[in-house]
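Asks: I would like to see how this sequence folds:
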Amino acid sequence: MRTLLSSLLLPLLALPAVAHDLIPATAQSRDLLLRHATLYTVSQGTLEDTDLLLHDGRIAAIGKQLAAEGAEEIDASGKRIYPGLIALDSHAGMVEIEMARPTRDIADVGLNNAELRAASAFNPDSEIIPTLRRNGISHVQLVPEGEAMAGQSALVGLDSWTVEQALVPSRMGQHLYWPELGPLASDDEERSKQLKEHDDALRQIRTLFADAKRYALGIKAGDKIAQQRNLAAMAPLFDDAATLFIHVDREQHIEEALKLCREYQLKPVIVGGYDAWRQAASLNELGARVIYASVFSLPQRSDEPVDLAFRIPALLSDAGVPFAIGYSGDWDSRNLAFAAGYAAAHGLGQDKALRAITLDAARLLGVDDMGALEVGFRGNIIVAEGDILDPMSGRIEALFIDGRRVDLNNRQQQLYQKYLKK
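Replies: From the prediction side, this is the model:
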């Protein structure tokens, strides 16, 4: 309730600071035919000198010399067309100014807030959103934060009047933040205290899941049980009707998390996942997946290569672990393609890197009509001059969300134009 109230009050308290003045595009009313482009389809390779037809918000045809009576035609010769990018593990639209607490609505107090929905705190008028669109991001996975069970994520498009218009149907996701033990103190007493606190935190999580499982079984059996919304919200996890996203990085703690998943027969998604490649066999055994969100992190151990964080996506790929690349944060989610480019240059390759921020990201969220240029898929496309994984040469010219051409103007661009005239 606190999260909901704060999301309602936020626009009233800080309207001048958080509302951009760009008007959302109207629904596609006329067919659009882009001709002679290079299509990076993700799912079917690269197609040179190929046409793409958008009809009623979806990709209607792909081929050479397409015909569409009455369609608006755009000569895309020399241009590249990509699927819209999906930013996983993002707070975009939930945070406006990081250092201003009234504009941050990403977390609530307590160990179990499974009933809370990140979408209730989403501000579609955030000034941050246009900057993400300018970098090719059409959708973000809104993710809450918390002590343990933080709540439910949502997939939203970045061009809408309301939250309801922004929401994209996707598989329910519950987010668990695993307690991670920092460097142990040299003092015996202090070290024992750290270990005890960690054990207590693990015990609380085990108790939380045991309570939720009993609650779910009781409801199924028709027992008369007092309603507990947070436990009820966790019930879909045990029927494989929801995905458990576990935010954890270190190998020891990934092991702890996977032990819990084995006990309750869960197929988790590890978020962060700095050490996930070290647990590849266990992850594959469980059918787990990874959102690797640490491409630009520093080495976490003194004896690690300085470029290890860049190479981890390639290590996951080589180990056969299904993964996508994310970029944790809010405004900095705009760097998603840049991160994928670094992974591509450090062993992953261009095709897999692009797939990790498009099709693999969509499938990880349970969405089967996004993330690729395929007939029948949503018309989420990027038109660029160059390689979008290279921020120096990408030069995105247009972004379409569900066939609607989105305004790529933003606050930074306005300021740039303003001071050019000084």
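
Asks: what are the phi and psi values for Ile81?
Replies: In terms of degrees, to the nearest 10, the main-chain angles of Ile81 are phi -120, psi 130.

Asks: list the contacts for it?
Replies: Leu34, Ala37, Thr38, Leu39, Tyr40, Leu52, Leu373, Ile381, Ile382, Val383, Ala384 (C-beta atoms under 8 Å, 6 or more residues apart in numbering). Where you see a C-beta, it was placed from the backbone N, CA and C, and this is true even at glycine.

Asks: the last one contacts Pro391, doesn't it?
Replies: No: using C-beta atoms under 8 Å as the test, Ala384 is too far from Pro391 to be in contact (11.1 Å).

Asks: show me what whichever strand or helix holds Leu202 is packed against.
Replies: Per DSSP states H and E, Leu202 falls inside helix 188-220. When contacts are defined as 3 or more C-beta pairs under 8 Å, 6 or more residues apart in numbering; DSSP states H and E, helix 188-220 packs onto helix 229-238, helix 251-263.

Asks: for that helix, buried residues please.
Replies: Under the neighbour-count criterion of 16 or more other C-beta atoms under 10 Å, helix 188-220 has His198, Ala201, Leu202, Ile205, Leu208, Phe209, Ala212, Lys213, Tyr215, Ala216 buried.

Asks: need these in TSV with pLDDT, can you?
Replies: Formatted as TSV, the buried residues of helix 188-220 follow (pLDDT from 0 to 100):
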residue	pLDDT
His198	93
Ala201	94
Leu202	95
Ile205	96
Leu208	96
Phe209	97
Ala212	95
Lys213	96
Tyr215	94
Ala216	93
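
Asks: who's more crowded, Ala384 and Pro391?
Replies: Shown here are Ala384 and Pro391; by other C-beta atoms under 10 Å, Ala384 has more neighbours (22 against 16).

Asks: can you report phi and psi for that one?
Replies: phi -140, psi 160.

Asks: and it, how far is that from Leu33?
Replies: According to C-beta to C-beta, to the nearest Å, Ala384 and Leu33 sit 18 Å apart.

Asks: center of this structure, which residue is that?
Replies: By C-alpha atoms, centre = their mean, the chain has its centre lying nearest to Leu88, at 1.2 Å.

Asks: could you chop the protein up by domain?
Replies: The chain resolves into domains spanning 1-11+85-183+216-369, 24-84+371-406 when parsed by automatic domain parsing.

Asks: could I get those domains as a markdown table with distance to Tyr419?
Replies: Shown next, in a markdown table, are the domains of the chain (distance: least, C-beta to C-beta, whole Å):
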| stretch | distance to Tyr419 |
| --- | --- |
| domain 1-11+85-183+216-369 | 17 |
| domain 24-84+371-406 | 21 |
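
Asks: go through those and name the closest to Lys422.
Replies: Evaluated over the domains of the chain, closeness to Lys422 peaks at domain 1-11+85-183+216-369, with 21.9 Å, by C-beta to C-beta.

Asks: which one is Ala185 nearest to, not counting chain neighbours?
Replies: Take Ala185 and drop its neighbours on the chain: the residue closest to it by C-beta to C-beta, 6 or more residues apart in numbering is Arg191, 4.8 Å away.

Asks: so the one you found sits against Pro183, correct?
Replies: No: using C-beta under 8 Å as the test, Arg191 is too far from Pro183 to be in contact (10.0 Å).

Asks: helices of the stretch 1-150 of the chain, residue ranges please.
Replies: Secondary structure of the stretch 1-150 of the chain (DSSP state H, counting those that start in this stretch): helices at 2-18, 128-134.

Asks: what distance do you get for the nearest residue to Ala345 once chain neighbours are set aside to Arg411?
Replies: Spatially, and ignoring its direct neighbours in sequence, Ala345 is nearest to Phe310 (7.5 Å; C-beta to C-beta, 6+ apart). According to C-beta to C-beta, Phe310 and Arg411 sit 31 Å apart.

Asks: related to what we said a few turns ago, least reliable of the helices of the stretch 1-150 of the chain by average pLDDT, please.
Replies: Per-segment mean pLDDT for the helices of the stretch 1-150 of the chain reaches its minimum on helix 2-18, at a mean of 44.

Asks: average pLDDT for whichever strand or helix holds Ala324?
Replies: Assessed by DSSP H and E, Ala324 sits inside strand 323-325. Strand 323-325 carries an average pLDDT of 98.

Asks: against Ala210, how distant is Asn230?
Replies: Asn230 is 14 Å from Ala210, by C-beta to C-beta.

Asks: quick revisit: I'd like to check the angle between the helix holding Leu202 and helix 229-238, please.
Replies: 80 degrees (axes from the mean of the first three to the mean of the last three C-alpha atoms, to 10 degrees).

Asks: poorly predicted segments of this protein, please.
Replies: Residues of the chain meeting the criterion pLDDT under 70: 1-19.

Asks: contacts only, for Leu132.
Replies: Taking C-beta under 8 Å, 6+ apart, one finds Ala87, Ala92, Val140, Leu158, Ser333, Arg334 in contact with Leu132.

Asks: can you get me a residue count around the closest residue to the last one other than its chain neighbours?
Replies: Right, the one you point to is Arg334. Closest residue in space to Arg334, ignoring its immediate chain neighbours: Asn135 at 4.3 Å, by C-beta to C-beta, 6+ apart. The number of residues packed near Asn135 is 22, by other C-beta under 10 Å.

Asks: and Asn135, its phi and psi?
Replies: Main-chain torsions, Asn135, degrees, to the nearest 10: phi -100, psi 20.

Asks: from what I can see it touches Ala337, true?
Replies: Yes: if you go by C-beta under 8 Å, Asn135 and Ala337 touch, sitting 6.3 Å apart.

Asks: shared neighbours of those two, anything?
Replies: Once C-beta under 8 Å, 6+ apart is applied, the residues that Asn135 and Ala337 both contact turn out to be Leu85, Pro391.

Asks: could you find the closest non-adjacent residue to Ser77?
Replies: Nearest non-adjacent residue to Ser77, counting by C-beta to C-beta, 6+ apart: His36, 4.2 Å away.

Asks: list the contacts for that neighbour?
Replies: Taking C-beta under 8 Å, 6+ apart, one finds Asp49, Thr50, Asp51, Asp75, Ala76, Ser77 in contact with His36.

Asks: so Ile382 sits against Arg405, correct?
Replies: No: using C-beta under 8 Å as the test, Ile382 is too far from Arg405 to be in contact (11.5 Å).
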